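S.K.: using only what follows, build the 3D model:
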Amino acid sequence: MSRPLRIEFPGALYHVTSRGDRREDIFEDDEDRSAFLSILGQVAQRFNWVCCAYCLMGNHYHLLVRTPDGNLSRGMRQLNGVYTQASNRRHDRAGHLFQGRYKAILVEADAYLLELSRYIVLNPVRAGMVKKPADWRWSSYRASIGLEAPPAWLAADVVLEQFAKRRSLARERYAGFVAEGIDAPSPWSGVRGQLYLGDEGFVRRVQARRPSGEGDVQIPLAQRRPPAPSLVQIASRIHDRDAAIRAAHATGAYSYQSIAAHFGIHFTTVGRIVRTLA
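M.R.: Residues are numbered from 1 along each chain as shown. Sure thing, here's the model as predicted:
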């Protein structure tokens with residue numbers, strides 16, 4: 001199994017997801033979810049994490065965390081490892097709980113902190129589990145807007161202070177911002193090289209910190225080579241749709257499905273265009 005390239009440095013902001021093995025549930029009931037949040041709090045305290053947002057689903061979870069000490073991988077080993085042990089003990093089982101390694105996207109905070117903070121808490125709404133984000137107990141949303149007391153480890157103010165100095169007003173504006181995001185386009189079309197969410201300057205700055213991965217065949221090629229331009233950039237530079245689709249496919253960074261979603265067509269149409277010479 002290939003291993004993802006990890007870039008860690010003080011102050012890095014990540015969107016982290018981890019899924020259940022064979023896509024099975026990692027949370028069977030509310031007691032499991034409470035146990036996970038307790039472990040997350042311990043990890044955040046031990047590793048000095050700043051947790052800006054979170055959401056627990058059925059077979060996966062989302063975190064938005066900043067690492068002042070550049071130690072994401074150490075904390076994630078603790079988080080997933082301790083929760084796996086606790087879950088296996090409680091449910092009288094053994095073996096893997098999570099599907100391989102967690103996925104971490106490095107995030108440009110100025111451009112995407114707020115967007116991801118609402119994307120994460122809207123997951124249960126998009127999945128049809130609830131009608132409103134406040135109806136889902138297992139995300140940071142309720143604490144962020146003041147419906148319940150935030151845990152000590154949740155840094156809700158990192159998000160709220162972007163809206164207003166007065167907390168009550170900030171909460172009101174954040175709630176409105178989240179409500180407006182239900183039909184907003186996915187932020188993931190801006191991901192570069194399966195690893196970065198930010199503009200070209202951000203990618204260059206982060207790449208200057210990356211470990212040497214050249215020649216390491218265990219690291220996916222898409223993460224070892226420079227990231228491709230975003231689909232938005234490709235479409236803005238190449239005005240002919242079919243030519244832009246072929247250019248996007250030629251980068252090797254985008255699947256038929258992701259290209260189709262961006263251009264509003266079916267993925268089989270993308271395949272036909274790619275196979276047709278210009």
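S.K.: buried ones in the one helix or strand Y61 maps to?
M.R.: Using DSSP states H and E, Y61 sits in strand 60-67. For strand 60-67, the buried set under the neighbour-count rule, 16 or more other CB atoms under 10 Å, comprises H60, Y61, H62, L63, L64, V65, R66, T67. (C-beta placed from N, C-alpha, C; glycine too.)
S.K.: distance check, the fourth one against K103.
M.R.: Right, the one you point to is L63. Per CB to CB, to the nearest Å, L63 is found 11 Å from K103.
S.K.: if we can go back for a sec, what residues does the strand holding Y61 touch?
M.R.: With contact meaning CB atoms under 8 Å, 6 or more residues apart in numbering, strand 60-67 is reached by 8, 10-20, 26, 36, 40, 44, 47-55, 72, 75, 107, 109, 113, 116-117, 120, 123, 155, 158.
S.K.: what about 6 Å?
M.R.: 12-17, 19, 49-55, 116, 120 (CB atoms under 6 Å, 6 or more residues apart in numbering).
S.K.: inside strands: which ones of those residues?
M.R.: With DSSP state E as the criterion, strands contain 12-17, 19, 50-55 from among the contacts of strand 60-67.
S.K.: so which of the residues you listed is the closest to Y174?
M.R.: A53 (10.7 Å; CB to CB).
S.K.: still on that earlier bit, from the ones in strands among the contacts of strand 60-67, which is closest to I234?
M.R.: Using CB to CB, those come closest to I234 at H15, 22.7 Å.
S.K.: thought the closest one was touching I105?
M.R.: Yes: between H15 and I105 there is a contact under CB atoms under 6 Å: 4.6 Å.
S.K.: so for these two, which residue has more residues nearby?
M.R.: Applying other CB atoms under 10 Å to H15 and I105 shows that H15 carries more neighbours, namely 23 against 20.
S.K.: so what's that one bridging to?
M.R.: L64, I105 (DSSP bridges).
S.K.: show me the shaky parts of the stretch 101-250 of the chain.
M.R.: Along the stretch 101-250 of the chain, segments meeting pLDDT under 70 span 210-228.
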